[in-house]
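J.: using only what follows, build the 3D model:
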Amino acid sequence: MILLTGATGYVGAALRAALEQRGQPLRVLARATHATNEMSHVEWVQWDMGSGDHLPGSAFDGVSAVIHCAGLAHRHAGERDYQRLNVEATSDLARRAVDAGVSHFIYVSSLHVVPFDAPSAGDPAHQYPEPKERYAASKWRAEQSLRPMLAESHCQLTVLRPGIVYDAELTANLKTVKSVLRWWPWLLPSVGRRSMVARGDLVALLVSCALGESGAPMGEEILSATDGAVYDAERISRALSQGIKWGVMPQWLCRLAGRALDWRGGTEAGTHWLSLSTDYWTGDAPVVTGWQPSVTLESHAASQTGRS
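T.: All right, here's what the predicted structure looks like:
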């Protein structure tokens, strides 16, 4: 039995479907329960991790692995909310899993915990400085809390650090870029290096870890989940744009357009440009037995265009 959190989210919903398709017995912790048919292998348990409500010990009955996907991501939330939901709730869930005798805890973190100039993305979080951005910092602190707790137990730990995740259903920042490119006549400038991974590839890696095919063969394992490509804003805009563009936008004009979006959205001046131009860690895809990324953003976008 696998216990899954975040099963209605962007990654968790796809992971739930993949595990269910395999016939894998699955117990889901969610704020609201969902009706299931008699043939379903999914059991829903109502639990809001941010409410402080008691999680019944029976939630871990028969569970061999926990996949923790739930958390607060990329919202304009306060520091306290990130601490409560991404750090404290994660630690509490892991502690309960250890007490219940669960043998494997899989935590979906973020590649943003790794500095852009780090030689490797596979080192423990304490070897990196705490990120300044709230979301990344909360993931960094969550990793810090898990490591000593699980090191003293029988429970193995796998930390997955995905890059930006994409699919036909784009996440917030990529969705904004694609929306702007529908009417904007230029490609974005070549700024902001980052790593990415297709949602289907990330799900395949999580399934592989959960079923013991890879991840945490003994003790602790940290895996960066990327397709191995290096993306900047220009490359991303080329992949997502449709139709003929005038060329690559000058950086000064992009900054000005970002200010307009800041004003329109009520965000601090410079927010959009900072999000676009910041460098994040980039590197090769992880070497994992039985898994390799199947697509890049370009090949995925091309396949979606061919279907439309």
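
J.: got the CA positions of stretch 250-259 in PDB?
T.: What follows is stretch 250-259, C-alpha atoms only, in PDB (Å, rounded to 0.1, in the frame of the first residue of the first chain):
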ATOM      1  CA  PRO A 250      15.600  43.800 -26.400                       C
ATOM      2  CA  GLN A 251      16.100  43.400 -22.600                       C
ATOM      3  CA  TRP A 252      15.200  47.000 -21.900                       C
ATOM      4  CA  LEU A 253      11.800  46.500 -23.700                       C
ATOM      5  CA  CYS A 254      11.200  43.200 -21.800                       C
ATOM      6  CA  ARG A 255      11.900  45.000 -18.500                       C
ATOM      7  CA  LEU A 256       9.400  47.700 -19.400                       C
ATOM      8  CA  ALA A 257       6.800  45.100 -20.400                       C
ATOM      9  CA  GLY A 258       7.400  43.300 -17.100                       C
ATOM     10  CA  ARG A 259       6.700  46.600 -15.200                       C
END
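
J.: ok, residues contacting it?
T.: Residues outside stretch 250-259 that contact it (Cβ atoms under 8 Å, 6 or more residues apart in numbering): 184, 186, 188-189, 191, 249, 269-273, 276. For the C-beta atoms, the positions are set from N, CA and C on the backbone; glycine is no exception.

J.: that stretch: which residues count as buried?
T.: Across stretch 250-259, burial judged by 16 or more other Cβ atoms under 10 Å covers 251, 254-255, 257-258.

J.: do stretch 92-100 as well
T.: Across stretch 92-100, burial judged by 16+ other Cβ under 10 Å covers 93-94, 96-98, 100.

J.: turn those into TSV, including secondary structure and distance to G163.
T.: Putting the buried residues of stretch 92-100 into TSV (DSSP: H, G, I helix; E, B strand; the rest coil; distance: Cβ to Cβ, whole Å) gives the following:
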residue	secondary structure	distance to G163
L93	helix	24
A94	helix	24
R96	helix	30
A97	helix	26
V98	helix	29
A100	coil	32
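
J.: tell me which of the contacts of stretch 250-259 is nearest to E88?
T.: Using Cβ to Cβ, T271 is the member of the contacts of stretch 250-259 that lies nearest E88, at 27.2 Å.

J.: distance check, the closest residue in space to the closest one that isn't next to it in sequence against P129.
T.: Spatially, and ignoring its direct neighbours in sequence, T271 is nearest to D262 (5.2 Å; Cβ to Cβ, 6 or more residues apart in numbering). Per Cβ to Cβ, to the nearest Å, D262 is found 27 Å from P129.

J.: just want to know which of the two has more residues nearby.
T.: Counting neighbours by other Cβ atoms under 10 Å for D262 and for P129 shows that D262 has the greater number, 17 against 10.

J.: surely the more buried one and H272 touch.
T.: Yes: counting by Cβ atoms under 8 Å, H272 is a contact partner of D262 at 5.6 Å.

J.: one step back: now, the buried residues of stretch 250-259 that are in helices?
T.: Counted as lying in helices by DSSP state H, out of those, are 251, 254-255, 257-258.

J.: the helices in the protein, which residues?
T.: Here the chain has its helices, by DSSP H, at 10-21, 79-82, 89-99, 134-151, 172-181, 199-210, 233-240, 251-265, 271-277, 297-307.

J.: buried residues in the shortest one?
T.: Translated: helix 79-82. For helix 79-82, a neighbour-count test (16+ other Cβ under 10 Å) marks Y82 as buried.

J.: how about the fifth one?
T.: By neighbour count, and taking 16+ other Cβ under 10 Å as the criterion, the buried residues in helix 172-181 are 173-174, 176-178, 180-181.

J.: could I get the pLDDT score of the residue lying farthest from the centre of the chain?
T.: Note on the chain: the largest C-alpha distance from the chain mean falls to W246, namely 33.8 Å (Cα atoms, centre = their mean). W246 carries a pLDDT value of 87.
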